[in-house]
Every structure is written in C-alpha cells, then in structure tokens.
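Undergrad: After the sequence you'll find the predicted model.
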Amino acid sequence: MAALFPRLVKSQEATAAAEMALVTPLMIILMFGAFELGNYFLTEHVVAKAVRDGARYASRMAFTNYSCTSASTGTAANDPVLTNTRNLVRTGQIASGGTVRLREWQDSGTISTITVSYDCVDVTSGTPAYAGLYDGLNYVPVVRVAVTNLGYESLFNSIGFDSATLSLNAESEATVAGL
C-alpha cells in the first residue's frame with residue numbers, strides 16, 4: 001500500500017481533464033457574458049437609430065403641425081405627428097402594424113416609452129440666427145424624440161437571468177424644416 005501512494009502522487013494521467021473541469025465554468029461564463037454584452041450594445045444602437053429616424057421624420061412635417069407663437073415647450077399632440085413618429089420609431093414604418101424593431105416593443109403598451117415634444121425657439125437666438133426657410137417666422141420649432149425607460153430583455157431571461165433593472169434611453173432632436 002505504501003508503494004502505491006507515491007506512484008499516485010507522481011502520476012500525470014488525467015491532469016488535462018482536471019484542469020479542463022476547473023476552467024470550463026469560467027470559459028462558459030465569459031462566452032455567454034460576451035454574447036449578452038454584444039446583444040445589449042446592439043439593442044442600444046437600434047434604439048438610438050430609431051430615435052434619430054423619428055426626429056428626422058418629425059422635423060420634415062409642416063410648420064402648421066407645431067403651434068409656435070411664443071417661446072415655449074409643447075408636446076406633439078397633433079395626431080399625425082405623434083402617431084406616425086411613434087410608429088416609425090417602433091416599427092420603422094409610418095403605418096400602424098408592421099414588425100417591431102426590438103422584442104422589447106412587442107407589447108403595444110411600450111409605445112408610451114416614446115415621447116415626441118418640441119421647443120419653440122426665437123429665430124434670433126441661434127448662433128448664427130436662423131435664416132433661409134425660416135424667414136418670416138418669429139419662432140422655430142425644434143422637435144425632440146425620446147425613448148425613456150425601455151426595459152432591456154436579456155438573451156437569457158428564459159433561463160432565469162433577470163434584466164429588469166436595465167433600461168434603455170435615447171434622445172434626438174432636429175429643427176423642423178417644414179418640407
């Protein structure tokens with residue numbers, strides 16, 4: 001029996017398997033963590049692009065859709081601007097329906113995370129002052145489209161990794177061109 005023990009201690013057989021058993025959980029965590037991080041950044045990019053698209057669309061609406069008679073802030077209550085911009089941000093098309101850009105927007109209640117507002121800015125306040133197609137206007141609407149507190153849905157929610165504490169936010173603004 002005494003002769004068996006030193007031989008066992010000096011044996012190199014199965015060391016690779018033991019090392020692999022120790023390293024594998026760490027490698028799996030790193031691999032899935034990289035997947036999750038990449039998915040988060042992709043989702044964040046999609047939200048930022050959607051908001052930019054919405055601001056660009058809303059900025060090309062007619063000046064009559066924005067009541068700018070004084071320096072003020074307003075919410076786009078005019079149905080075509082609000083509804084169409086929200087649809088564009090959510091699905092990439094103006095008409096209702098369509099495929100949502102993100103899983104997080106599957107529920108139609110999440111459309112409330114998309115806000116469309118505008119500021120009426122004095123044409124002389126800009127540096128340089130607004131000119132060109134703003135001649136004859138006293139106030140220029142600057143539209144702002146924002147997504148706030150959109151819950152991030154993890155790739156691994158179905159197996160118990162909760163991402164309820166993560167939310168996505170993005171904002172974009174553009175001066176209304178009234179084209």
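TA: Happy to help now that I have it.
Undergrad: drop to CA atoms for contacts and neighbour counts, all remaining ones
TA: Fine.
Undergrad: Any idea how many residues pack against the closest residue to F63 other than its chain neighbours?
TA: Nearest-residue entry for F63: G178, 5.0 Å, with adjacent residues in sequence omitted and distances by CA to CA, 6 or more residues apart in numbering. For G178, the neighbour count with other CA atoms under 10 Å is 17.
Undergrad: And the residue nearest in space to the middle of the chain, how close does it get to L166?
TA: What sits nearest the mean C-alpha location of the chain, by CA atoms, centre = their mean, is V47, with 2.4 Å. V47 sits 14 Å away from L166, going by CA to CA, to the nearest Å.
Undergrad: Scan the helices and strands of the chain for the one with the lowest mean pLDDT.
TA: helix 4-10 (a mean of 63; mean pLDDT, DSSP states H and E).
Undergrad: helices or strands next to the helix or strand following that one in the packing?
TA: For helix 4-10, the following helix or strand on the C-terminal side (DSSP states H and E) is helix 15-59. Helices and strands touching helix 15-59, as assessed by 3 or more CA pairs under 8 Å, 6 or more residues apart in numbering; DSSP states H and E, comprise helix 79-91, strand 139-151, strand 167-175.
Undergrad: I'd like the distance from helix 15-59 to the chain centre, please.
TA: Computed by CA atoms, centre = their mean, to the nearest Å, the separation of helix 15-59 from the middle of its chain amounts to 14 Å.
Undergrad: State the distance from A71 to D122.
TA: 6 Å.
Undergrad: Tell me which of these two has more neighbours.
TA: In terms of neighbours (other CA under 10 Å), D122 is the more surrounded of A71 and D122; the figures are 19 against 14.
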